[in-house]
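> Sequence plus predicted model, see below.
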Amino acid sequence: MDDRSVVEAQIGRPPRSVVDVTARCHLGLPVVMTVPPFLDDDTPFPTLYWLTCPLAAKRIGRIEAGGGVRRAELMIAVDPALSDRHAAAAERYCTSRDAMIPDGHTGPQPTGGVGGTGAGVKCLHAHYADTAVGNDNPVGEWTAQQIEPLDCETACVEAAEDGTAIRNPGWTEPR
C-alpha cells in the first residue's frame, strides 16, 4: 500500500495535495502529512500539518465537542508563559509554511498561524498534528496528554485486492 492510498482511506476522500507523511504510528501508518501552501488546484492552504490518523481525529473530535477549543484558549489567556509559547508556535508555523512558497509567487497566499488562525485556537487537530511532528506547541501538547497513547492493536487500514488501502472493518478504538 502506498502512502497516498492509505491517507485516502484514513481521511475518507482523496488528498488534495502531494502526500508527504511526516509522522507515523507504531504500526507504520501515517499520522500526519505535511501539506504544501498550495493545493493541487493552486488554492492557498494555511494548514501545514494535516492529521490523518482516524484514532487521533476521533479522540480530538470528542475534546472539541466538549468545549476543548475554548478551554485551550482560556489556558493561554491566563498563563503568560503559555501565551508566549503559543505565539512562538504560531510564528514558527507561519515561517515554515511560508518558506515553502515558490520565489516569485504573486497570487493569493495562505495566512495565519496553526490551522490558519490569526490568534487564539481554531482547531485542536492542527495543533496536535504540529506537536506530533516534533514541534513545540503547548496546545498540541495539552491535546496529546488527553488522547495518547495511539495504541491501536489492529491497523485502521488494510490492503484491497488491487493493492490500494481501504478502511479496515475490523478496526476498533482501543480502550
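Arrived safely, thanks for sending.
> okay, Gly120: pLDDT?
You'll see Gly120 listed with a pLDDT of 86.
> Ok, Leu82 next?
96.
> likewise the one 4 residues further on?
As predicted, His86 sits at a pLDDT of 97.
> which secondary structure element contains it?
Here His86, judged by DSSP states H and E, is contained in helix 80-98.
> Next SSE downstream of that helix?
The first helix or strand that comes after helix 80-98 along the chain, using DSSP H and E, is helix 124-132.
> and the angle from the first helix or strand past that next one going along the chain to helix 124-132?
Next along the chain after helix 124-132, taking DSSP H and E as the criterion, comes helix 138-147. Interaxial angle, helix 138-147 versus helix 124-132 (axes from the mean of the first three to the mean of the last three CA atoms, to 10 degrees): 100 degrees.
> quick one: helix 138-147 to helix 80-98, angle?
Going by the same axes, to 10 degrees, helix 138-147 makes 100 degrees with helix 80-98.
> Report the buried residues of the helix or strand following helix 138-147.
Downstream of helix 138-147, the next assigned helix or strand under DSSP H and E is strand 157-159. Neighbour-count burial for strand 157-159 flags 157-158 (criterion: 16 or more other CB atoms under 10 Å). Any C-beta I mention is one placed from the backbone N, CA and C, and that applies to glycine too.
> Partner strands of strand 157-159, with direction?
When pairing is defined by DSSP bridges, strand 157-159 lines up against strand 165-167 (antiparallel).
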